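Visitor: Structure for the following, please:
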Amino acid sequence: MKKPFLIMLISTLGFMLTGCNFTEEQIAEGIIKDYYQAIINEDYEKAFEQLQLYDYDAGHYTEGTTLSHKEAKAFYLKKINFLKEQNYELKGFEIIEVEYEDGHSFWHHIKLKVEQNGQKFEWNEVADIFEGKLLIGERDDPYAKYRDGKMNFEIEDLKGN
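Guide: Below is the predicted model of the structure:
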């Protein structure tokens, strides 16, 4: 009698844990899709609202930014204008993999289709959710910094990419 009960208890706990993780994964995928689709649709204000904003100080990422929401939004739109000047367009994206670190922490691998000055590129990047916001991590796209949440750099200094 104890053995069937124990098996049922373990199965129920496993199902509950998997169900919780699946829900977190769905929420993350929703944020990711909202962000990339907003970039494609040129709805940059919506894209901005999806992002985790941060500063980069002495070689380390900070939690948050010293800019006000209004200042951060203005800077983000300035970064987007730089992308437009470079004839950069995100044409498509695909979530190609979800990678788990410890059964709970996970991040998504994204494949991007970008067109710049008539040339087509495929770039890969990693997206994570931090405090309900999108954090773009490792990336191939040299222009990713102009659409991510990094807030404290001089755009003019980076034109030589």
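
Visitor: State the distance spanning the first to the last residue of stretch 119-138.
Guide: Taking C-alpha to C-alpha, to the nearest Å, stretch 119-138 runs 23 Å from one end to the other.

Visitor: In it, which residues are buried?
Guide: Residues of stretch 119-138 classed as buried: Trp123, Glu125, Ala127, Asp128, Ile129, Lys133, Leu134, Leu135, Ile136 (neighbour count, 16 or more other C-beta atoms under 10 Å). Heads up, the C-betas are built off the backbone N, CA and C, glycines and all.

Visitor: for those, which one is nearest Ile32?
Guide: Nearest to Ile32, judged by C-beta to C-beta, of the buried residues of stretch 119-138 is Ala127 at 5.2 Å.

Visitor: Can you give me the distance of the residue nearest to the closest one when sequence neighbours are not counted to Asp148?
Guide: Nearest non-adjacent residue to Ala127, counting by C-beta to C-beta, 6 or more residues apart in numbering: His108, 4.8 Å away. Applying C-beta to C-beta, to the nearest Å, the value for His108 to Asp148 is 14 Å.
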